[in-house]
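K.L.:
Sequence first, then the predicted structure, then my questions.
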Amino acid sequence: MHATVGDRLVVHGAVVGDHEKHGVIVEVRGPEGGPPFLVKYEDGHEALVFPGPDAVVLPAQRES
C-alpha cells in the first residue's frame, strides 16, 4: 500500500455494525510512500497507522 500526503484513508468496520473511519493522510513515514501514515480523522484526532487488509487509500483530487 502506497500513499501521498492529501490522500484519504478509509478503514472499514471489522465487526458488523461498526462504522467506517475516514481520514486524511498528513504525513507518510515509510519508504517510497509506504506505511506508516500519520492520519487526521474526521473527529480531529491524529494517529500513526499501519493499514491492514480492511483499509484502502483513495487518491486525493489533484488539480491539473
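P.N.:
On my side now, so go ahead.
K.L.:
Where does the residue positioned nearest the centre of the chain sit: helix, strand or coil?
P.N.:
In the chain, the C-alpha nearest the mean C-alpha coordinate belongs to Leu9, at 2.5 Å (C-alpha atoms, centre = their mean). Under DSSP: H, G, I helix; E, B strand; the rest coil, Leu9 falls in the strand class.
K.L.:
thought it was touching Ile25?
P.N.:
Yes - under the criterion of C-beta atoms under 8 Å, Leu9 makes contact with Ile25 at 5.8 Å. No exception for glycine: its C-beta is placed from N, CA and C like everyone else's.
K.L.:
Bridged to the residue nearest to the centre of the chain, which residues?
P.N.:
On the basis of DSSP bridges, Leu9 is bridged to Gly23, Val57.
K.L.:
Contacts only, for it.
P.N.:
Neighbouring residues of Leu9 by C-beta atoms under 8 Å, 6 or more residues apart in numbering: 3, 22-25, 37, 39, 49, 51, 55-58.
K.L.:
Run through this protein and note the low-pLDDT ranges.
P.N.:
62-64 (pLDDT under 70).
K.L.:
quick one: which of the contacts of Leu9 is most hemmed in?
P.N.:
In terms of neighbour count, Phe37 stands highest of the contacts of Leu9 at 28 neighbours, by other C-beta atoms under 10 Å.
K.L.:
what's it in contact with, if anything?
P.N.:
Counted by C-beta under 8 Å, 6+ apart, Phe37 has contacts Ala3, Leu9, Ile25, Glu27, Val28, Arg29, Gly30, Leu48, Val49, Pro51.
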